[in-house]
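S.K.: Generate a structure from the sequence data that follows.
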Amino acid sequence: CTRGDSFQRYFYFDDCYLKKDGVVIYAPKVLYYDKPDLIQVAGGTLSIIGFGYYIGDFDKDGPKYDVERFVGFATGAATLVKRDFFLSVGGYDETYFASAEEAELGFHAWLRGFKVVYIPQAKVYHKVSRTYGKRGPTPLKVLLQTRNRILNIFKFLEWKNVVEGLFLSFILDFSRLLYYAFILRSPQSCLSIFRAYLWILKKLHTYREKRRTLKMFKKVKENSFPRPFIFSSLTDCLREELRLRKVWRTFM
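M.R.: This next block holds a predicted model:
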């Protein structure tokens with residue numbers, strides 16, 4: 001692709017242009033209220049494990065975060081959504097409460113053939129962790145993040161990716177279990193992982209109908225999502241997980 005007069009109608013992505021047509025969610029640049037030079041979210045990514053990561057979390061704001069681009073989802077802290085689309089998918093899934101519901105909305109958009117775009121000109125300063133009480137892992141946050149991420153796997157992914165996503169989730173959650181037990185010394189957070197999987201086993205049958213309904217509207221398969229800002233690899237997710245573990249020791 002080459003740049004031309006029509007550039008205003010497209011976003012530059014991986015040496016090609018993607019049409020702006022069909023954008024239904026807009027993600028602002030979200031900065032920490034108490035540390036306004038640090039990014040909290042510059043859009044988020046989706047992944048085969050049901051949730052990717054916040055782009056730029058705890059990174060210093062700079063030119064690389066001033067570029068419009070497509071992303072997987074917009075944070076629930078600040079999202080602009082087209083009303084018709086939002087109502088057509090039933091809004092946020094109330095079961096999720098306070099984690100991964102933003103990624104759930106992003107899955108709805110991309111799988112239905114719509115798009116999510118990051119708009120850095122729009123800035124929001126976020127007073128974070130008012131729901132959980134503190135930054136970093138807490139028992140409630142671990143429970144909701146684990147449970148809701150797995151729900152996304154079952155609701156949206158093709159069966160082949162469901163199997164792979166669950167297998168990788170087991171490995172990820174086992175590593176988190178060890179981290180919470182021996183590094184953070186938080187037995188309640190360890191228990192939250194078990195509680196999340198138990199909830200899934202008890203309630204999963206209720207999501208079969210939702211999966212069948214969602215399949216009727218599915219126009220795009222997740223394997224065709226552009227990378228890396230929309231659908232991130234497991235390596236990207238793990239790299240970000242390790243980076244944030246170091247950050248949490250400083251900011252918790």
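
S.K.: Just the element for residue 148, please.
M.R.: Using DSSP states H and E, residue 148 sits in helix 139-156.

S.K.: just checking, what packs against that helix?
M.R.: helix 101-111, helix 159-178, helix 187-203, helix 208-217 (3 or more Cβ pairs under 8 Å, 6 or more residues apart in numbering; DSSP states H and E). All C-beta atoms are positioned from the backbone trio N, CA, C, and that covers glycine.

S.K.: Name the SS class of residue 24, please.
M.R.: strand (DSSP: H, G, I helix; E, B strand; the rest coil).

S.K.: circling back to that earlier point, let me have the helices and strands packed on helix 139-156 in JSON lines, extended by mean pLDDT.
M.R.: As requested, those are exported to JSON lines (pLDDT from 0 to 100):
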{"stretch": "helix 101-111", "mean pLDDT": "96"}
{"stretch": "helix 159-178", "mean pLDDT": "94"}
{"stretch": "helix 187-203", "mean pLDDT": "95"}
{"stretch": "helix 208-217", "mean pLDDT": "86"}
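
S.K.: now those helices as a markdown table including distance to residue 43 and mean neighbour count?
M.R.: Shown next, in a markdown table, are the helices and strands packed on helix 139-156 (distance: least, Cβ to Cβ, whole Å; neighbours: other Cβ atoms under 10 Å):
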| stretch | distance to residue 43 | mean neighbour count |
| --- | --- | --- |
| helix 101-111 | 9 | 25 |
| helix 159-178 | 21 | 15 |
| helix 187-203 | 26 | 16 |
| helix 208-217 | 23 | 12 |
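
S.K.: With distance to residue 231 as new columns, can these be given to me in CSV?
M.R.: Shown next, in CSV, are the helices and strands packed on helix 139-156 (distance: least, Cβ to Cβ, whole Å):
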stretch, distance to residue 231
helix 101-111, 8
helix 159-178, 11
helix 187-203, 23
helix 208-217, 17
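
S.K.: what's the neighbour count on residue 138?
M.R.: By other Cβ atoms under 10 Å, 19 other residues sit near residue 138.

S.K.: Over to the one 5 residues further on?
M.R.: Number of residues near residue 143 (other Cβ under 10 Å) recorded here: 21.

S.K.: Would you confirm that residue 119 contacts residue 26?
M.R.: Yes. The criterion here is Cβ atoms under 8 Å, and residue 119 meets it with residue 26 at 5.3 Å.

S.K.: any weak-confidence spans in this protein?
M.R.: 1-20, 130, 133, 135-136, 251-252 (pLDDT under 70).

S.K.: ok, the spatially closest residue to residue 114 that is not a sequence neighbour to residue 108 distance?
M.R.: Setting aside the residues directly before and after it, residue 114 is nearest to residue 24 in space (Cβ to Cβ, 6 or more residues apart in numbering), at 4.4 Å. Distance, residue 24 to residue 108, using Cβ to Cβ, to the nearest Å: 9 Å.

S.K.: And the longest strand that the chain contains, what does it pack against?
M.R.: Ranked by residue count, the top strand of the chain under DSSP state E comes out as strand 115-126. Packing contacts for strand 115-126, counted by 3+ Cβ pairs under 8 Å, 6+ apart, involve strand 23-32, strand 69-70, helix 101-111.

S.K.: will you turn the ones you listed into a markdown table that also has distance to residue 192?
M.R.: Output for the helices and strands packed on strand 115-126, formatted as a markdown table (distance: least, Cβ to Cβ, whole Å):
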| stretch | distance to residue 192 |
| --- | --- |
| strand 23-32 | 25 |
| strand 69-70 | 33 |
| helix 101-111 | 18 |
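
S.K.: between those, which gets nearest to residue 155?
M.R.: For those, proximity to residue 155 was assessed by Cβ to Cβ; helix 101-111 is nearest, at 7.4 Å.

S.K.: Run through the bridge partners of residue 124.
M.R.: residue 30 (DSSP bridges).

S.K.: Thank you kindly, that will do.
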